[in-house]
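>>> Pasted the sequence and its predicted model underneath.
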Amino acid sequence: MLNANESAWEPMGDAGLGCNRYPDPQPGALLQSLAALYGVRQEQLFVGRGSDEAIDLLVRAFCRAGQDAIVIQPPTFGMYAVSARIQNAAVIEVALTSDFSLDAQTLLAAVTPAVKLVFLCTPNNPTGRSIPRADIEQLARALAGKALLVVDEAYVEFSDQRSVSDLIGRYENLAVLRTLSKAWALAGVRIGSLLADPDVIALIRRIMPPYPLPLPCVATALAELSPSGQVAARENIAIVREQRAIMRVALSRIPGVRDVLPSDANFLAVRFDDAGTIYQRFLRAGIVVRDIRRYPQLQDALRITIGTPAENARVLTVLSETKV
């Protein structure tokens with residue numbers, strides 16, 4: 001192996017991974033495991049450094065700088081707009097309704113010939129609400145021949161609503177984002193997937209950076225996706241779902257809490273009489289939550305991840321001690 005100017009010696013602590021060699025750009029074993037997990041063929045699957053990389057590649061592949069646009073529904077995940085603006089693509093915002101649901105007709109009315117990508121986040125981040133499967137199908141049909149519909153399912157494992165990945169064979173303009181960062185406990189490993197028509201995947205693979213997946217990250221992912229790893233992950237998902245229900249009820253009973261938004265994800269968006277004071281109180285107690293007051297319609301809200309039962313109990317204790 002004298003073709004890539006690699007070191008001939010394995011590094012300390014390599015444990016047989018072969019980290020002195022460049023990794024496979026799309027590792028076969030990982031593709032096989034993820035294809036089985038998501039119910040797609042390997043030619044319908046791209047694996048990269050988290051969903052963020054797939055979002056960035058989609059924007060660069062489909063949006064011409066200064067000419068094309070994407071559609072998003074705020075409040076929603078911020079990286080869609082970030083990637084578009086880096087590419088100098090326009091961002092068309094179609095706000096979610098007052099209860100954070102999607103108005104499909106309003107969205108379709110905003111689609112112009114310049115729009116090449118429409119992003120949906122379900123369950124949505126930061127509100128936690130899911131988009132009905134029927135609405136997603138309606139949009140996929142209406143956008144056929146016009147734009148790629150990208151459905152971000154980062155939190156779908158925590159929802160009763162199943163993935164729409166089984167619709168990819170029916171709609172060539174449908175793409176789905178999945179990640180191992182949330183339900184599979186691998187945020188530090190940075191592995192996300194794009195599921196789409198083989199032609200879309202082939203295009204993304206042509207423009208992806210070389211060697212995106214480090215060997216230690218691939219090995220960790222394969223361990224998590226092993227039969228025993230999947231059993232453990234699903235047990236933790238069940239705990240999160242149970243704790244989410246407990247926390248929603250308990251939080252709603254605390255003075256100073258205005259509302260706890262329904263959530264299908266592993267977090268709750270909570271409205272407070274004084275969110276700023278509560279945020280600082282959490283920090284002083286050694287608890288870090290997400291301040292989401294900058295998002296539209298969420299100027300009084302904080303997003304609280306569902307942690308272990310002990311962590312969740314600590315959140316409730318701190319809030320109960322807080323004078324609002």
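That came through, no problem.
>>> Let me know how buried the nearest residue to residue 93 once chain neighbours are set aside is, in neighbour terms.
Once flanking residues are discounted, residue 93 sits nearest to residue 74: 5.3 Å by Cβ to Cβ, 6 or more residues apart in numbering. Using the backbone N, CA and C atoms, a C-beta is placed for each residue, glycine as well. Neighbour count of residue 74, defined by other Cβ atoms under 10 Å: 18.
>>> same deal with residue 46?
So residue 46, with other Cβ under 10 Å, has 27 neighbours.
>>> Checking my notes, it in a strand, right?
Yes. Residue 46: assigned to a strand according to DSSP: H, G, I helix; E, B strand; the rest coil.
>>> what about it, distance to residue 198?
Using Cβ to Cβ, to the nearest Å, residue 46 is found at 10 Å from residue 198.
>>> before we move on, what SS does the residue nearest to residue 93 have?
On the three-state scheme (three-state DSSP), residue 74 is labelled coil.
>>> separation between it and residue 91?
Using Cβ to Cβ, residue 74 is found at 10 Å from residue 91.
>>> Over to residue 59?
As for residue 59, its distance to residue 91 is 10 Å (criterion: Cβ to Cβ).
>>> The two: who's more crowded?
Applying other Cβ under 10 Å to residue 59 and residue 91 shows that residue 59 carries more neighbours, namely 26 against 16.
>>> Helix or strand: which one has the more buried one?
Assessed by DSSP states H and E, residue 59 sits inside helix 50-62.
>>> same for that helix, what does it pack against?
Helices and strands touching helix 50-62, by 3 or more Cβ pairs under 8 Å, 6 or more residues apart in numbering; DSSP states H and E, are strand 45-48, helix 79-86, strand 115-121, strand 148-152, strand 174-179, strand 192-195, helix 198-207.
>>> Relative to residue 306, which of those is closest?
With Cβ to Cβ as the criterion, residue 306 lies closest to strand 174-179 of these, at 16.9 Å.
>>> care to break this protein down by domain?
Domain segmentation of the chain under automatic domain parsing yields 28-225, 228-321.
>>> Could you list the low-pLDDT ranges of this structure?
Where the chain drops to pLDDT under 70, the residues are 322-324.
>>> again, only using 50
Residues of the chain meeting the criterion pLDDT under 50: 324.
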